[in-house]
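J.: from the sequence below, what's the structure:
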Amino acid sequence: MEQRYLAALAVQAGEPVVEVAARTGVARQFVHSWLARCDEVVLAGLEDRSHRPRGYAHQASAEVT
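T.: Okay, the predicted model is just below:
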């Protein structure tokens, strides 16, 4: 999480995303997503997120079960 925070700070300070991505060993897209998440909530936005869906399209409602 600290690496992500420092990378986001470096880009906000004016360092090119390509250089930050190369230095941290990740793709540019990750650095861009960290920047967007850092704007949402500073440190909480940089934590790992679950990829589990919040709901299911074909799930039966609670009334049916």
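
J.: which pLDDT value goes with Q29?
T.: Q29 carries a pLDDT score of 92 in this model.

J.: go on, Q3?
T.: At Q3, pLDDT is 84.

J.: then G25?
T.: pLDDT at G25 comes out at 94.

J.: number of residues surrounding it?
T.: 8 (other CB atoms under 10 Å). For glycine as for every other residue, the C-beta is placed from the backbone atoms N, C-alpha and C.

J.: begin at 247 from here
T.: Sure thing, new numbering starts at 247, so read that last one as G271.

J.: report the separation between it and A253.
T.: Distance, G271 to A253, by CB to CB, to the nearest Å: 10 Å.

J.: could you give me the buried positions within the lowest-mean-pLDDT helix or strand in the chain?
T.: For the chain, using mean pLDDT, DSSP states H and E, the weakest element among its helices and strands is helix 274-286, scoring a mean of 83. For helix 274-286, a neighbour-count test (16 or more other CB atoms under 10 Å) marks F276, V277, S279, W280, L281, R283, C284 as buried.

J.: the fourth one against A256, yeah?
T.: No - at 10.5 Å, W280 and A256 do not qualify as touching, with contact defined as CB atoms under 8 Å.

J.: work out the gap between stretch 271-279 and the centre of the chain.
T.: What separates the centre of stretch 271-279 from the centre of its chain is 9 Å, taken as CA atoms, centre = their mean, to the nearest Å.

J.: for stretch 249-266, that is, sorry about that
T.: How far stretch 249-266 lies from its chain's middle: 14 Å, per CA atoms, centre = their mean.

J.: buried residues of stretch 249-261, list them for me.
T.: Buried, per 16+ other CB under 10 Å, within stretch 249-261: R250, A253, A254, A256, V257.

J.: same check, this time on stretch 263-276
T.: Quick answer for stretch 263-276 (16+ other CB under 10 Å): V263, V266, A267, T270, V272, F276.
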